[in-house]
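Student: The following comprises the amino acid sequence and a computationally predicted model.
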Amino acid sequence: MDHTDLYINGAWVKTDTRFDVINPATEEVLASVASAELADADAALDAAEAAMAEWAARTPRQRSEVLRRAWELMTARLDHFAHLITLENGKAGTDAKGEATYAAEFFRWFAEEAVRADGMITHAPASGARIMVQHKPAGLAVLITPWNYPAAMGTRKIAPALAAGCGVIIKPASETPLTMLALMPLLEEAGVPPGLVNVLPSKRTGALVDHIMHDPRVRVVSFTGSTGVGRTLLKGAADQVLKPAMELGGNAPVVVFEDADMDTAIEGTMLAKMRNLGEACTAANRIYVHADIAEDFTARLTAAMSALKVGNGTDPSVDVGPLVNAATRDKVAEFVADAVAKGAKVECGGVVPEAKGYFYPPTVLSNVPEHADCVQDEIFGPVAAIQTFTDQEDVIHRANNTEYGLVAYVFSGDFKRGLQVCERLDYGMVGLNRGLVSDPAAPFGGTKQSGLGREGGHEGMLEFMETQYISASW
Ligand SMILES: O=CCCC(=O)O
């Protein structure tokens with residue numbers, strides 16, 4: 001591996017302490033990576049502060065052109081990034097290429113948004129003073145990214161921060177720091193000045209992030225990961241009253257009505273379930289199928305899941321790679337064992353293979369009871385848990401009956417009915433006759449315990465900006 005050290009102020013910094021990154025398909029050590037300490041965080045903060053002063057003073061068009069170049073460069077190197085993603089995360093080649101493309105697209109989208117930081121000027125109704133509203137870069141941002149999308153969850157934060165004029169410090173997941181480190185030479189080549197983007201992998205995540213969040217120069221904390229860690233970060237952010245952007249857990253329901261087109265419903269459910277082998281906060285977690293079509297739906301979903309080839313993601317014929325680590329694989333196996341003990345039927349899969357690697361087979365469970373753990377919590381793996389319903393009001397209630405509110409999916413042949421149901425679902429995003437909502441041009445984010453703020457779309461850049469209002473007379 002070429003880039004395994006800290007990246008601070010445009011330079012590679014070695015450390016005494018290092019940690020191993022494991023290939024989930026082979027369980028072998030892939031690389032030994034530098035682990036940042038608090039002094040490294042201080043150096044990164046100094047570098048980001050200095051670089052941001054010059055970067056924020058550039059015109060929006062100048063910032064936009066650097067981001068556009070980053071998109072061009074990454075698009076030309078998708079295979080390189082996809083390979084790295086597969087090596088450290090495990091996901092299959094098609095998933096990895098999809099992620100690399102998605103990741104690059106955030107640079108293009110925010111290159112286009114950088115020149116659209118709108119404002120407003122109007123008259124105060126009573127005093128007649130001019131009300132002038134503009135958006136300014138918020139300050140330094142700390143970005144904490146997860147292992148499930150080592151590239152895309154980083155670029156979804158870096159691109160809007162840079163578009164807004166902010167400097168950043170990234171703490172990538174300890175399981176998957178290599179992709180983010182490999183992105184740094186590309187950003188240099190695109191014209192990102194030294195110090196503006198710094199990457200600090202670390203085994204001391206909690207202490208490091210807490211230290212950074214308590215530096216008064218930091219104004220934004222942006223995190224993607226579990227709700228539990230999000231709550232801890234929010235508590236830490238409160239001390240400095242940081243702007244939080246939190247993309248947290250999900251428990252996505254899929255509702256398949258009796259009037260749904262079956263091909264669309266199967267294709268959409270497969271995508272919602274198996275994109276990223278289920279290791280996504282958007283993954284279908286509870287599949288509610290109308291009783292009249294449940295038998296047919298279950299048989300067809302089982303056939304589609306059974307047809308997927310499991311193996312090392314570097315093999316181009318493989319559809320499903322390993323899960324990221326043993327703990328994730330074991331948790332998935334526990335969810336299945338719990339559901340079966342409570343009455344669920346295994347339609348396919350459900351057995352951990354003997355071979356090396358953190359593999360879990362695509363699995364379909366039918367007759368899953370509402371009190372099964374996999375209905376209450378995020379599975380984060382390739383397990384489709386099917387339940388049935390007969391009444392529309394009942395299924396809306398069950399779909400909303402969770403502390404999470406990230407994404408839901410609805411399948412119905414009646415567009416009016418589908419939209420009416422979508423509007424009654426308490427979720428930040430809903431897919432109607434689609435199993436994919438993620439799009440750099442759309443505001444990604446959830447309600448309730450699924451988080452605060454939005455990434456992508458027009459809203460994404462505003463997370464890194466402060467609104468300033470000037471009351472003027474002239
Ligand atoms: O897992 C979280 C995000 C996935 C996505 O952006 O589609």
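Tutor: Looks like it came in fine. Numbering: from 1, shown residues only.

Student: How about the stretch 101-250 of the chain: which residue is closest to the ligand?
Tutor: Ranked by Cβ to the nearest ligand atom, the top residue of the stretch 101-250 of the chain for proximity to the ligand is Asn148, at 5.2 Å. Where you see a C-beta, it was placed from the backbone N, CA and C, and this is true even at glycine.

Student: Let me know the distance separating the residue nearest the centre of the chain from Ala25.
Tutor: Averaging the C-alpha coordinates of the chain gives a centre point, and the residue nearest to it by Cα atoms, centre = their mean is Met153 (4.8 Å). From Met153 across to Ala25, the span is 21 Å (Cβ to Cβ, to the nearest Å).

Student: Likewise for Asn276?
Tutor: Between Asn276 and Ala25 the computed distance is 15 Å (Cβ to Cβ).

Student: mind checking the SS state of the residue nearest to the centre of the chain?
Tutor: helix (DSSP: H, G, I helix; E, B strand; the rest coil).

Student: what does the one 3 residues further on give?
Tutor: The three-state assignment at Arg156 reads helix, by three-state DSSP.

Student: so what's Glu37 up against?
Tutor: Glu37 makes contacts with Thr15, Thr17, Ser202, Arg204, Leu208, as judged by Cβ atoms under 8 Å, 6 or more residues apart in numbering.

Student: What is the burial count for whatever residue of the chain ends up closest to the ligand?
Tutor: Relative to the ligand, the nearest point of the chain is Ser438 (3.1 Å; Cβ to the nearest ligand atom). Applying the criterion other Cβ atoms under 10 Å, we find 21 residues in the vicinity of Ser438.

Student: What parts of the stretch 51-200 of the chain come near the ligand?
Tutor: The interface of the stretch 51-200 of the chain toward the ligand, taken as Cβ under 6 Å from any ligand atom, is made up of Asn148, Tyr149.

Student: those strands in the stretch 51-200 of the chain, which residues are they?
Tutor: Counting by DSSP state E, counting those that start in this stretch, residue ranges of the strands within the stretch 51-200 of the chain are 120-123, 130-137, 140-144, 168-171, 197-199.

Student: Highest mean neighbour count out of those strands?
Tutor: Per-residue neighbour counts averaged over each of these give the maximum for strand 197-199, namely a mean of 29 (mean count of other Cβ atoms under 10 Å).

Student: Residues contacting that one, please?
Tutor: So strand 197-199 is in contact with 6-9, 44, 47-48, 158, 162, 167-170, 172, 177, 180-181, 184, 187, going by Cβ under 8 Å, 6+ apart.

Student: quick one: which helix or strand includes the closest residue to Met1 other than its chain neighbours?
Tutor: Distances taken as Cβ to Cβ, 6 or more residues apart in numbering put Ala31 closest to Met1, at 4.1 Å, once the chain neighbours are dropped. In this structure, Ala31 is located in strand 29-34 according to DSSP states H and E.

Student: domains in the protein, as residue ranges please.
Tutor: Structural domains annotated on the chain: 6-248+450-472, 252-439, as defined by automatic domain parsing.

Student: Including mean pLDDT, could the ones you listed go into JSON lines?
Tutor: JSON lines is the format used below for the domains of the chain (pLDDT from 0 to 100):
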{"stretch": "domain 6-248+450-472", "mean pLDDT": "97"}
{"stretch": "domain 252-439", "mean pLDDT": "98"}
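
Student: From Lys448, how far out is the residue nearest to the centre of the chain?
Tutor: Using Cβ to Cβ, one gets 21 Å for the distance from Met153 to Lys448.

Student: Hmm, the residue of the chain closest to the ligand is touching Cys281, no?
Tutor: No - using Cβ atoms under 8 Å, Ser438 is not in contact with Cys281, being 9.9 Å away.

Student: for the stretch 301-450 of the chain, what spans make up the helices?
Tutor: If DSSP state H, counting those that start in this stretch is used as the criterion, the helices of the stretch 301-450 of the chain fall at 326-341, 373-376, 392-400, 415-424.

Student: Buried deepest among those helices, which one?
Tutor: Mean neighbours per residue, mean count of other Cβ under 10 Å, is largest over those for helix 373-376, with a mean of 20.

Student: can you give me how far it is from the chain middle?
Tutor: 21 Å (Cα atoms, centre = their mean, to the nearest Å).

Student: picking up where we left off before, nearest to Asp377, out of the strands of the stretch 51-200 of the chain?
Tutor: For these, the distance to Asp377 is smallest for strand 140-144, at 21.7 Å, taking Cβ to Cβ.

Student: Can you name every helix or strand that that closest one contacts?
Tutor: Counting contacts by 3 or more Cβ pairs under 8 Å, 6 or more residues apart in numbering; DSSP states H and E, strand 140-144 is packed against helix 38-57, helix 152-164, strand 168-171, helix 205-213, strand 218-224.

Student: and the ones you listed, which is most packed in?
Tutor: Comparing these by mean neighbour count (mean count of other Cβ under 10 Å), helix 152-164 ranks first with a mean of 29.

Student: With just CA atoms, put it into CSV.
Tutor: The C-alpha atoms that make up helix 152-164 are tabulated as CSV, following Å, rounded to 0.1, in the frame of the first residue of the first chain:
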residue,chain,number,x,y,z
ALA,A,152,-18.5,8.2,-0.7
MET,A,153,-19.3,9.1,2.9
GLY,A,154,-16.0,11.1,2.9
THR,A,155,-16.6,12.9,-0.4
ARG,A,156,-20.2,13.7,0.6
LYS,A,157,-18.7,15.8,3.4
ILE,A,158,-15.4,17.0,1.9
ALA,A,159,-17.0,18.4,-1.3
PRO,A,160,-19.7,20.6,0.3
ALA,A,161,-17.2,21.8,3.0
LEU,A,162,-14.7,22.9,0.4
ALA,A,163,-17.5,24.4,-1.8
ALA,A,164,-18.5,26.4,1.2
